[in-house]
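[1] Have a look; sequence and predicted model below, questions after that.
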Amino acid sequence: MPLYDYECKECGYRFEQRQKMSDAPIEVCPKCGGTVERLISAGIGLIFKGAGFHATEYHGAPSSCSLGSSCCSCGDKSSSS
């Protein structure tokens, strides 16, 4: 279900509401009872969840890694930021 953003015209309260696309838009502010307007947002692209894409897909240091087996993805503790 999509997540919609709303803003109250009277008090300025902004909130999100998860609704079906077929649901009617919310019209009343939950804080003050004023009129709300559904906002147009850019939405969200792709979200990676879990232990990490790089960590789960690349095991060990790449052969071209000169820092050895302990940098960022390979685990190098000698590299400084």
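    Arrived safely.

[2] So, low pLDDT: which residues of the chain?
    42-81 (pLDDT under 70).

[3] And the strands in it, which stretches?
    With strands called from DSSP state E, the chain shows them at 3-8, 14-18, 36-39.

[4] Between the ones you listed, which one is closest to residue 30.
    strand 14-18 (6.9 Å; Cβ to Cβ). In short, each C-beta sits where N, CA and C put it, glycine included.

[5] With residue 25 as the reference, name the closest of the strands of the chain.
    Nearest of these (Cβ to Cβ): strand 36-39, 4.8 Å.

[6] Show me what that closest one is packed against.
    strand 3-8 (3 or more Cβ pairs under 8 Å, 6 or more residues apart in numbering; DSSP states H and E).

[7] Each with direction, which strands does the strand it packs on pair with?
    strand 14-18 (antiparallel), strand 36-39 (antiparallel) (DSSP bridges).

[8] so what are the domain limits for this protein?
    For the chain, the structural domains run 3-39, 48-81, going by automatic domain parsing.

[9] Show the end-to-end separation of the longest one, please.
    Separation of the first and last residues of domain 3-39 by Cα to Cα, to the nearest Å is 11 Å.

[10] Next: stretch 23-40.
    End-to-end for stretch 23-40, by Cα to Cα: 16 Å.

[11] Show me which positions of that stretch end up buried.
    29, 36 (16 or more other Cβ atoms under 10 Å).

[12] Thank you, goodbye.
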